[in-house]
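**Q** below are the sequence and a predicted model; questions follow.
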Amino acid sequence: MRRRAALRTAVPAAGLAMALAISVTAGLSVAQTQDTAVSVRLLAFNDLHGSLEPPPGIRSQVKHADGSLVPAGGAAYLAAYVDQLRGQATHSLLYSVGDSWGSSALESAMFHDEPTVQLLNTMGVDASAIGNHELDEGYTEFRRMQTGGCHPTDGCRFGNTFEGANFPLLAANMEFDDGAPATLPFTVDYVEGIPVGVIATMPADTATMVTLEG
C-alpha cells in the first residue's frame, strides 16, 4: 500500500538528491521495526527528450556481451523494461531525473510534448526532477504541462483534453524573485507505511541554459 504526501514547504537542497544526467537502478531496505524490514527498488531514467519512437539505425540497438543486438529506444521499449524491473520487486518507485521533454523528437514536439507527459503518466512515474529543457517554452508552459489545459494558441492537438502530469515536478532551488518556491521542492511516498522522500535540484547554471522567457 502506498500513499503520497506532497509537502509544499521550501527546504535546503540537501539529503537524497536526484542529480541530473544519471540513470540508477538500486535497492533500498528501510527498517520498520527491529523485527521487520521493507525492500524498495528505486528506478530512475533521464533525458528522454520526447523520444517516443526508437531512433533510426544502429542507435536503436543495444549490444550484449555475446555480440547479439537487441532492439531498444522509444516509449514501448522503455515502458516494457520498466515493467520488467518492477515485476522483479514487491515494491518499487520510478523517477525521471529531468529533461523528459524539451528539445524533443518530432513525434512529441508537434503535439507540444503532451504525448510524453501521458506516457510518463501511463508508466506510473512517481516524481520527476526538472531539467533545463522543461523550461524551454517558459514557466507558463511548464505550469501547463504540470497542471493541464489546452495550449493557448493551438488548443489540444493530441486529444480532446490534456490533464497534465499525474506526478509532482520537483526542484528545491527553483524560486521566484521574492524567494518563494516556484514548484515543489520534494515529495514523500509511503511504502507499507514507511516514508521514502526524494529531493530534486536543478543545475546551478540552469538560468544560463534557457531563454530569458524561460
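**A** Looks like it came in fine. Residues are numbered from 1 along each chain as shown.

**Q** what's the local residue count around the closest residue in space to A79 that isn't next to it in sequence?
**A** Closest residue to A79 apart from its sequence neighbours, by CB to CB, 6 or more residues apart in numbering: M123 at 5.3 Å. All C-beta atoms are positioned from the backbone trio N, CA, C, and that covers glycine. M123 is flanked by 19 other residues according to other CB atoms under 10 Å.

**Q** so the closest residue to D47 other than its chain neighbours, which of the three states?
**A** What sits nearest to D47 in space, not counting adjacent residues and going by CB to CB, 6+ apart, is D99, at 4.7 Å. Of the three states, D99 takes coil under DSSP: H, G, I helix; E, B strand; the rest coil.

**Q** from N166, how far off is G74?
**A** As judged by CB to CB, to the nearest Å, G74 and N166 stand 21 Å apart.

**Q** the two: which has the busier surroundings?
**A** With neighbours defined as other CB under 10 Å, G74 and N166 compare such that G74 has more, 17 against 14.

**Q** for the more buried one, report the pLDDT, please.
**A** Predicted confidence (pLDDT) for G74: 91.

**Q** mind listing what it touches?
**A** With contact taken as CB atoms under 8 Å, 6 or more residues apart in numbering, G74 is in contact with S51, L52, E53, P54, P55, S60.

**Q** report the two of the residues you listed separated the most.
**A** For the contacts of G74, the farthest-apart pair by CB to CB is L52 and S60; their separation is 12.5 Å.

**Q** the two: who's more crowded?
**A** Neighbour count, other CB under 10 Å: between L52 and S60, L52 has more, with 21 against 17.

**Q** so the more buried one, which of the three states?
**A** Under three-state DSSP, L52 falls in the coil class.

**Q** surely it touches A109?
**A** No - the criterion here is CB atoms under 8 Å, and L52 misses it with A109 at 10.3 Å.

**Q** now whichever helix in the chain runs longest: buried residues?
**A** Ranked by residue count under DSSP state H, the longest helix found in the chain is helix 74-87. Neighbour counts using 16 or more other CB atoms under 10 Å place G74, A75, L78, V82, R86 of helix 74-87 among the buried residues.

**Q** could you do stretch 204-212 as well?
**A** By 16+ other CB under 10 Å, the buried positions in stretch 204-212 come out as T206, V210.
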